[in-house]
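>>> Generate a structure from the sequence data that follows.
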Amino acid sequence: MSTSPRKRPAPEALVAGVVVAVLVVLVAAVFLTGWGSSLYPPKAVTAQGREVRGLYDIVFAVALVIFVAVEALIVWSVLRYRRRPTDTELPAQTHGNNLVEVIWTLIPTAIVLFLFVISWQTLNTVDAVSAKPDIRIHAIAGQFQWQFEYLDRSGTKLATQLTPAYSPDTGAGGMAVPVGRSIQVTLDSPDVIHAFYVPRFLFKRDVVPGQTNRFEFTIDAAEAGQVFRGQCAELCGTGHRTMLFNVIALSPGDYDNWLAALIEKSNATPAPLPSGTVLNVVAKGVAYDTKALEATADTPFTIAFRNDDPSGITHDIDIRDADDYQVANQEPINGGTSANYAYPALPAGTYTFLCSIHPGVMSGTLTVK
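Numbers count the residues shown, from 1 in each chain. Modelled structure (predicted):
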């Protein structure tokens, strides 16, 4: 009894199979070796961030499957329908195939609808805000500094945290929050468009003048003690690069102690003006009211500083010597407030006084003699 020989697979199918296998191996190598880390966002540290990461994983997986399938089909088509030396006439021409057209219409439509549904669900989860969050914070983004006001459950301001210009050495400038509690942040800007962005939150929200935006997040309890880098992600002017801040994740007990200390500091009576030389400076319209100050050499002095700009626009008065070395650094004050800045005795010479937040437009000459 004779048997027909087993039909061998077409070489084009073999090549396509090899291509698929090679692509799968390459993709696996990229992720197993760590090369693929740049394709993925950082690990999320909030409940809302994990929703975003889950959506990213699904979209990435769908895109990867489509990429591998399309590349394999391209290679198979090139090999299957390449012109051979014996081909002297055009092959049969196909002018339409209803089944194929239905398939390539329905599959993309199904994929798009699926991605739309899961994206909509994720967006609703990330944008959801509760009527009674555990913590309320009002963030004000002004050129070029962040200000965080801590509110009680009714929305009354308890204390204000002014973030100085970010320093990588000291880590200065931050918003402290408790882990495991829902934190609702409202965003306002007194000047131009800014953006609140923390990479580990997998989240960005614009801060638009004349419009209050809000969002809510809960940091994982395991992240207590961690510090997360944040920044303005919208080009907002010449000082945009200085609009950096930290989000400091504290345990609930440590946060309560930290907030109590901040409230005590905010309610403290300002120190009276000391005896001796007192200079008066007013900031208004992002400018000092004077460009020249004089002080006595080797004698401490004080600047009575008033910030007449709107709330959210902060200023200070730092002093640098002729070599641009900072000899005095003061804490910024919010618009509508005042402070008495005490400075050490300086040797005779010419110095520059300036606002660390707006150094390009707020500066003057201090003559010590």
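>>> Once you drop chain neighbours, what's closest to Asp220?
By the measure of Cβ to Cβ, 6 or more residues apart in numbering, the closest residue to Asp220 outside its immediate chain neighbours is Val45, 5.7 Å from it. All C-beta atoms are positioned from the backbone trio N, CA, C, and that covers glycine.
>>> gap between the one you found and Gly253?
20 Å (Cβ to Cβ, to the nearest Å).
>>> ditto for Leu113
48 Å.
>>> same check, this time on Ser189
Counting by Cβ to Cβ, the gap from Ser189 to Gly253 is 33 Å.
>>> next structured bit after the host helix or strand of Ala195?
Ala195 belongs to strand 194-198 when assigned by DSSP states H and E. Counting by DSSP H and E, the next helix or strand C-terminal to strand 194-198 is strand 203-207.
>>> Identify the residues contacting that following strand?
With contact meaning Cβ atoms under 8 Å, 6 or more residues apart in numbering, strand 203-207 is reached by 46, 48-49, 52, 126, 139, 141, 187-189, 193-197, 213, 215, 217, 233-234.
>>> switch to 6 Å and redo it
141, 187, 189, 194-197, 213, 215, 233 (Cβ atoms under 6 Å, 6 or more residues apart in numbering).
>>> I'd like the average pLDDT over it.
Confidence over strand 203-207 (mean pLDDT, whole number) is 93.
>>> Go through that strand and flag the buried ones.
203, 205-207 (16 or more other Cβ atoms under 10 Å).
>>> Distance to Gly239 added to those, as a markdown table?
Output for the buried residues of strand 203-207, formatted as a markdown table (distance: Cβ to Cβ, whole Å):
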| residue | distance to Gly239 |
| --- | --- |
| Phe203 | 24 |
| Arg205 | 21 |
| Asp206 | 18 |
| Val207 | 15 |
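>>> Can you pull out the low-pLDDT segments for the stretch 101-250 of the chain?
163-173 (pLDDT under 70).
>>> Tell me where it has helices.
Counting by DSSP state H, counting those that start in this stretch, one finds no helices in the stretch 101-250 of the chain.
>>> ok now stretch 227-244, how far from the chain's centre?
Mean-position distance between stretch 227-244 and its chain equals 8 Å (Cα atoms, centre = their mean, to the nearest Å).
>>> What about Gly364? Give its phi and psi, please.
phi -160, psi -180 (degrees, to the nearest 10).
>>> so it sits right up against Tyr351, yeah?
No. The criterion here is Cβ atoms under 6 Å, and Gly364 misses it with Tyr351 at 9.7 Å.
>>> returning to what we had before: and Ser189 and Gly253? which has more neighbours close in?
Ser189 (25 against 10; other Cβ atoms under 10 Å).
>>> Tell me if I'm right that that one and Gln143 touch.
No. Using Cβ under 6 Å, Ser189 makes no contact with Gln143, being 9.0 Å away.
>>> buried stuff in the lengthiest helix in the chain?
Looking across the chain with DSSP state H, the single longest helix is helix 47-80. Going by neighbour count (16+ other Cβ under 10 Å), the buried part of helix 47-80 is 47-49, 51-53, 55-56, 68, 72, 75-76, 79.
>>> ok so, going back, ok, Gly364 and Tyr351, which is more surrounded?
Tyr351 (22 against 18).
>>> What are the contacting residues of the helix or strand hosting the more buried one?
Taking DSSP H and E as the criterion, Tyr351 maps to strand 349-354. Strand 349-354 is contacted from outside by 317-321, 363-364, 366-368, using Cβ under 6 Å, 6+ apart.
>>> tell me which of the buried residues of strand 203-207 is nearest to Ser266?
Of all these, Val207 has the smallest distance to Ser266: 22.9 Å, by Cβ to Cβ.
>>> how many neighbours does Ala131 have?
5.
>>> er, Ala221 I mean
Using other Cβ under 10 Å: Ala221 sits among 13 other residues.
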